[in-house]
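Visitor: test case, fold it:
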Amino acid sequence: MSIPSEREKMVGGQLYDPMDPQLIADRLRACMLCYEFNNLPPGAIARATAILEELMDAHESVTINAPFRCDYGYNIHIGRNTFLNYDCVILDIAAVKIGSNVLLGPGVHVYGATHPMNAAERYKGIESGKAISIEDHVWVGGRAVICPGVTIGAGSVIGAGSVVTRNIPASVFAAGNPCRVIRTLEAGTEEAL
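Guide: The predicted structure is shown next:
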């Protein structure tokens with residue numbers, strides 16, 4: 001039985017050492033691709049698309065407005081016709097799955113990274129991650145924060161500035177800090193997409 005690499009531990013949700021040379025190289029690669037993407041001239045759509053294809057698993061119909069930042073890129077999976085507005089940040093320590101027809105407002109932050117609650121463990125420099133899933137037809141308002149391990153159900157709307165600390169069911173409007181369900185959205189109405 002082989003010993004798992006730090007990358008395998010990271011992707012598997014185990015405690016891992018982020019200072020592992022391979023992970024440092026992976027973050028540098030993502031940083032360089034994000035830098036190039038964020039500094040493209042307006043209208044450089046072909047180059048922007050090529051960078052995103054190299055950085056992450058995103059459908060060609062995805063639109064991301066610069067600036068955009070992520071840790072690794074290779075843990076990000078985005079479906080069709082999804083839009084990420086300016087200043088989005090995705091800490092993709094674990095898998096971050098964003099469905100089709102999703103809207104992320106300006107400054108939305110998606111945090112798959114987490115750290116031990118015990119100070120002595122944190123002092124060792126180890127960390128871990130929890131996967132995040134934002135299902136189809138979700139709209140996340142500007143400056144919302146999606147915390148590690150959260151799933152947002154299909155068709156839901158997250159209010160601007162919310163801090164989503166736990167799962168949100170499908171077809172609801174949820175908002176606040178911590179984010180909580182405010183009301184159910186009726187299927188088939190304009191507000192439910």
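Visitor: and V110, bridged to which residues?
Guide: I90, I146 (DSSP bridges).
Visitor: ok, it touching V89?
Guide: Yes. Using CB atoms under 8 Å, V110 makes contact with V89 at a distance of 7.1 Å. Just so you know, the C-beta spots here come from the backbone N, C-alpha and C atoms, and that holds for glycine as well.
Visitor: what about T63, distance to G13?
Guide: With distances taken as CB to CB, to the nearest Å, T63 is found 30 Å from G13.
Visitor: circling back: higher neighbour count, V110 and V89?
Guide: Per other CB atoms under 10 Å, whichever of V110 and V89 has more neighbours is V110, with 25 against 18.
Visitor: tell me how far the more buried one lies from Q22.
Guide: 23 Å.
Visitor: just the buried residues of stretch 82-99, please?
Guide: Neighbour-count burial for stretch 82-99, with 16 or more other CB atoms under 10 Å as criterion, is recorded at 82-85, 87-99.
Visitor: sorry, that was for stretch 154-162
Guide: Buried residues in stretch 154-162, defined by neighbour count with 16+ other CB under 10 Å: A154, G155, S156, V157, I158, G159, G161, S162.
Visitor: cool, and stretch 64-72?
Guide: Buried residues in stretch 64-72, counted by 16+ other CB under 10 Å: I64, A66, F68, R69, C70, D71, Y72.
Visitor: can you tell me which of those end up in strands?
Guide: I64, F68, R69, C70 (DSSP state E).
Visitor: can I get the residues you listed in JSON lines with distance to E53?
Guide: Shown next, in JSON lines, are those (distance: CB to CB, whole Å):
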{"residue": "I64", "distance to E53": "12"}
{"residue": "F68", "distance to E53": "14"}
{"residue": "R69", "distance to E53": "18"}
{"residue": "C70", "distance to E53": "14"}
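Visitor: now distance to P18 and pLDDT too, for those, in CSV please.
Guide: Converted to CSV, these look like this (distance: CB to CB, whole Å; pLDDT from 0 to 100):
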residue, distance to P18, pLDDT
I64, 25, 97
F68, 21, 98
R69, 16, 98
C70, 14, 98
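Visitor: have a look at the chain and report its longest helix.
Guide: helix 21-38 (DSSP state H).
Visitor: can you list contacts of that helix?
Guide: Identification of contacts with helix 21-38 by CB atoms under 8 Å, 6 or more residues apart in numbering yields 5-7, 10, 16-17, 48, 51-52, 54-55, 64, 66-74.
Visitor: what average pLDDT does it get?
Guide: What helix 21-38 shows for mean pLDDT is 98.
Visitor: what's the following helix or strand after it?
Guide: Where DSSP states H and E defines the elements, the next helix or strand beyond helix 21-38 is helix 45-55.
Visitor: just the CA trace of that next one, in PDB.
Guide: What follows is helix 45-55, C-alpha atoms only, in PDB (Å, rounded to 0.1, in the frame of the first residue of the first chain):
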ATOM      1  CA  ILE A  45     -12.200  36.300 -25.700                       C
ATOM      2  CA  ALA A  46     -10.300  33.500 -27.400                       C
ATOM      3  CA  ARG A  47      -7.300  33.800 -25.100                       C
ATOM      4  CA  ALA A  48      -9.600  34.100 -22.000                       C
ATOM      5  CA  THR A  49     -11.300  30.900 -23.000                       C
ATOM      6  CA  ALA A  50      -8.000  29.100 -23.600                       C
ATOM      7  CA  ILE A  51      -6.800  30.200 -20.100                       C
ATOM      8  CA  LEU A  52     -10.000  29.000 -18.400                       C
ATOM      9  CA  GLU A  53      -9.700  25.700 -20.300                       C
ATOM     10  CA  GLU A  54      -6.200  25.200 -19.000                       C
ATOM     11  CA  LEU A  55      -7.100  26.400 -15.500                       C
END
